[in-house]
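Peer 1: Return a 3D structure for these sequence lines:
(one chain, ligands or ions: 1)
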Amino acid sequence: MSLDERFLSVCKTTPIVDCHNDFPYACRLQLHYELHQPDTKFDFNSVLNSQTDLVKMLKGHMGVQFFSCWIECKDDYLSQDFNKPTTVVRDTVEQIDFIKRLCREYPEHLSFVHTADEAYEKFLEGKGEKISITLGVEGLHQVDLSLAVVRQYYELGVRYITLTHNCDNPFATAASSIAAGKEDAGLSSYGVDCIREMNRIGMIVDLSHVSHKTMLDVLKVTKAPVLFSHSSVYQLTNHERNVRDDVLELVKKNGGVVSVNFFPVFIRQHGNEDATIEDAVDHIKYIVDKIGWDHVGLGSDFDGIPHGPKGLEDTSKYPDLVKKVWKVTGATEQDIAKFMGMNVLRVWKDCETVSHQMKNSELVESNWDKREWVFPGYGRSFPEIYPGSLQSHDNIYKDDKLDHNPRNGKVSK
Ligand SMILES: [Zn+2]
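Peer 2: Below you'll find the model as predicted:
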């Protein structure tokens, strides 16, 4: 059988799983999610100028897509006031809503799925015409200090959260802070609480974007395998966003997966304009040689990057990449299937299993210890739940002069 025939044969039972695509943010930026205005020409079923559309995805034999719900960090990336109110939860929920709307508008090709098994089943049912869609949130800044938001994102269908984006947050330190010369504080104690809660509810822990120490700290405490949703190899391209050898060894022990990012800056040491599909192959092969076929996957970052490497420009090009990897490694059918997507589905399922095993563990109630709780002055006059309950927390009361509510300052009877 030729390599083309072998590839098509594997595709019958193996979805190509991509762990990171930012197309929803492009729709936020360019369309404000308005797909049906009189002058809107949006049709996901046609060839768009973006790196992602249904024509390209189906040509690329895609079976499962984790769409990224990414909202940027606050204005000051390096010294944020974590207590400053933000609109980030609204903005993230809009991303989630948009991706679900997209699935409802194109039901012949997109299925919104909730479990690893469902993702695989819907792919099989579709016979190459259906892509299972799920979600990742790109940074714990998007939960705005609150583990309640982590839990509710899971309820809404989010299946991984990246611990940071390009900014530190109360949970963890970002790679970009280290690149900017800050000290690596790693995972905080509140971050440890968060990992426990993510493990408990079955949310995959994504270590892309975090600092080296954060990676090491998380790998010490997580009970479930981790994912790097879009990161490449540090040894080949010395960028803080990439994964160092010591971490690769720990990912092997942990049972996790590194899904290789195609961003030219992350896969080509110098002169990223010249990056090609061969550079992506080198990163994949490096991981395979170092820690084996069980720990490598795909994390394109399409539509979050200005352009892909030559030969790997958009979502239609996965088959070219898989075949090149196959050719240079001489992999078995089973190995290539793991790389194409079965590894990521395994990590997803393992996280569900850990969650099931923890079903009798207590929910993590803790709040960030530096969180400011601000209430209107009249809150002080409410009846106490139990003696001392009002005094035992460090609340901040503000008397808002613009509030003409008659209850302001006194409880009305
Ligand atoms: Zn990213």
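
Peer 1: ok now stretch 281-290, how far from the chain's centre?
Peer 2: Between the centre of stretch 281-290 and the centre of its chain there are 22 Å (Cα atoms, centre = their mean, to the nearest Å).

Peer 1: Give the buried residues for it.
Peer 2: Buried positions in stretch 281-290, judged by neighbour count with 16 or more other Cβ atoms under 10 Å: Val281, Asp282, His283, Ile284, Lys285, Tyr286, Ile287, Val288, Lys290. C-beta: built from backbone N, CA, C; applies to glycine.

Peer 1: Of the residues you listed, just say which sits nearest to Asn166.
Peer 2: The nearest member of these to Asn166, counting by Cβ to Cβ, is His283 at 21.0 Å.

Peer 1: What about the buried residues of stretch 281-290, which are in helices?
Peer 2: If you go by DSSP state H, those have Val281, Asp282, His283, Ile284, Lys285, Tyr286, Ile287, Val288, Lys290 in helices.

Peer 1: Tabulate the residues you listed (a markdown table), appending distance to Leu156 and pLDDT.
Peer 2: What follows is these, written out as a markdown table (distance: Cβ to Cβ, whole Å; pLDDT from 0 to 100):
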| residue | distance to Leu156 | pLDDT |
| --- | --- | --- |
| Val281 | 36 | 98 |
| Asp282 | 38 | 97 |
| His283 | 33 | 98 |
| Ile284 | 32 | 98 |
| Lys285 | 37 | 98 |
| Tyr286 | 36 | 98 |
| Ile287 | 32 | 98 |
| Val288 | 35 | 98 |
| Lys290 | 36 | 98 |
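
Peer 1: List just the nearest of those residues to Thr222.
Peer 2: Nearest member of these to Thr222, counting by Cβ to Cβ, is Ile287, at 19.5 Å.

Peer 1: What does the pLDDT read for the nearest residue to that closest one once chain neighbours are set aside?
Peer 2: Excluding the flanking residues, the one nearest Ile287 by Cβ to Cβ, 6 or more residues apart in numbering is Val296, at 4.4 Å. With respect to pLDDT, Val296 scores 98.

Peer 1: Distance-wise, check Val296 relative to Val251.
Peer 2: Taking Cβ to Cβ, to the nearest Å as the measure, Val296 falls 10 Å from Val251.

Peer 1: who's more crowded, the two?
Peer 2: Between Val296 and Val251, counted using other Cβ atoms under 10 Å, Val296 has the larger neighbour count: 28 against 25.

Peer 1: Strands of the stretch 51-200 of the chain, residue ranges please.
Peer 2: Using DSSP state E, counting those that start in this stretch, the strands of the stretch 51-200 of the chain run over 62-69, 110-112, 131-138, 158-162.

Peer 1: Rounded mean pLDDT for the second one, please.
Peer 2: With pLDDT averaged residue by residue, strand 110-112 scores 98.

Peer 1: what's that strand in contact with?
Peer 2: 54, 99-100, 102-104, 122, 126, 130-134, 157 (Cβ atoms under 8 Å, 6 or more residues apart in numbering).

Peer 1: Make TSV out of the residues you listed and add neighbour count and distance to Lys220.
Peer 2: Compiled in TSV, the contacts of strand 110-112 are given as follows (neighbours: other Cβ atoms under 10 Å; distance: Cβ to Cβ, whole Å):
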residue	neighbour count	distance to Lys220
Leu54	22	42
Ile99	22	33
Lys100	16	36
Leu102	21	38
Cys103	19	37
Arg104	9	42
Lys122	20	36
Gly126	18	40
Lys130	20	39
Ile131	29	36
Ser132	28	32
Ile133	22	33
Thr134	25	28
Gly157	17	29
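
Peer 1: where's the nearest residue to Met342 once chain neighbours are set aside relative to His230, distance?
Peer 2: Distances taken as Cβ to Cβ, 6+ apart put Thr14 closest to Met342, at 6.4 Å, once the chain neighbours are dropped. Applying Cβ to Cβ, the value for Thr14 to His230 is 21 Å.

Peer 1: if you count what's nearby, which of the two comes out ahead?
Peer 2: Higher neighbour count among Thr14 and His230: His230, with 34 against 25, using other Cβ under 10 Å.

Peer 1: what about that one, distance to Val257?
Peer 2: As for His230, its distance to Val257 is 12 Å (criterion: Cβ to Cβ).

Peer 1: same check, this time on Ser208
Peer 2: 11 Å.

Peer 1: Identify the contacts common to the two.
Peer 2: In contact with both Ser208 and Val257: Phe228, using Cβ under 8 Å, 6+ apart.

Peer 1: Quick one: low-confidence residue ranges for the protein.
Peer 2: 271-273, 400-413 (pLDDT under 70).
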